[in-house]
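Peer 1: predicted coordinates and the sequence they were generated for:
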Amino acid sequence: MPSENKNNLRNLIRQNRRQLDFHQQDLHAWSIAHLIIRLPAFRNAKRIACYLAEDGEIDPVYIIEKALQFKKQVYLPILPPTGKSLFFAAYNHRTKLKANQFGILEPDTHPDHWLRARDLSLILLPLVAFDENCNRLGMGGGYYDRSLAFTAHRKQWHNPRLIGLAHELQKVDSLSNETWDIPLNMIATEEKIYFNQQSKK
Ligand SMILES: Nc1ncnc2c1ncn2[C@@H]1O[C@H](COP(=O)(O)OP(=O)(O)OP(=O)(O)O)[C@@H](O)[C@H]1O
Ligand SMILES: [Mg+2]
């Protein structure tokens, strides 16, 4: 898909997503949490990366609560000061946050304690659009794609498992994947979970 079309699609869906009111947002966040916490991919995960919701994204707050209750380690993405792959820093109720260069809150943690995607069991990703085959269109920075590029060369799919969280209104008929786009294992919406049939087990 030409990049101009991708950007138009991003703008359209982001606009629709922002129209959801607080109650719809909250209902979707609840429904998705309910689906996620029953999955073996969640139950078996020890280290789970989430994100702090922006711009009408599904809020993973209920999943984070459950994960902390189950004594799992929760992580939030950190935009690298240099380089272009994400790091992940531990997060709980006591973690101090600070705004990064884009105004997004991140744990205020020393880089010595940051992990890479390969160190995690499960990553819950935000997204702008998705299709039934679990292809993902993000915000356009390529950060998740670069951080997960290593998964493309493996014969078998090990950790981290990748689950996108989305409103059903973010679904499109089909996304033509670029060579660098990393498909997800599953996508959870307020209605159902889409499983990637091509996923390496
Ligand atoms: N593995 C990679 N190596 C180098 N460049 C990459 C890689 N993955 C993505 N990029 C670059 O990032 C740019 C944005 O990619 P893309 O449009 O797929 O972003 P996105 O998936 O929407 O964003 P994100 O992954 O941050 O949610 C592309 O122009 C591409 O050149
Ligand atoms: Mg991409």
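Peer 2: Nice, thanks for sending it over. Residues are numbered from 1 along each chain as shown. Ligands and ions are numbered 1, 2, ... in the order given.

Peer 1: from here on, contacts and neighbour counts on C-alpha atoms
Peer 2: OK.

Peer 1: do you know how far the most centrally placed residue in the chain is from Pro160?
Peer 2: What sits nearest the mean C-alpha location of the chain, by Cα atoms, centre = their mean, is Leu125, with 0.4 Å. To Pro160, Leu125 is 12 Å away according to Cα to Cα, to the nearest Å.

Peer 1: the protein: strands as residue ranges?
Peer 2: 47-49, 73-78, 87-91, 97-99, 105-107, 122-125, 129-130, 136-137, 161-165, 186-188, 193-195 (DSSP state E).

Peer 1: just put those in a markdown table and tack on distance to ligand 1 and mean pLDDT.
Peer 2: Output for those, formatted as a markdown table (distance: least, Cα to the nearest ligand atom, whole Å; pLDDT from 0 to 100):
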| stretch | distance to ligand 1 | mean pLDDT |
| --- | --- | --- |
| strand 47-49 | 15 | 98 |
| strand 73-78 | 11 | 98 |
| strand 87-91 | 13 | 98 |
| strand 97-99 | 18 | 97 |
| strand 105-107 | 16 | 97 |
| strand 122-125 | 8 | 98 |
| strand 129-130 | 9 | 98 |
| strand 136-137 | 5 | 98 |
| strand 161-165 | 11 | 97 |
| strand 186-188 | 14 | 98 |
| strand 193-195 | 19 | 98 |
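
Peer 1: closest to His23 out of these?
Peer 2: strand 161-165 (17.4 Å; Cα to Cα).

Peer 1: what helices or strands is the closest one leaning on?
Peer 2: strand 122-125, strand 186-188 (3 or more Cα pairs under 8 Å, 6 or more residues apart in numbering; DSSP states H and E).
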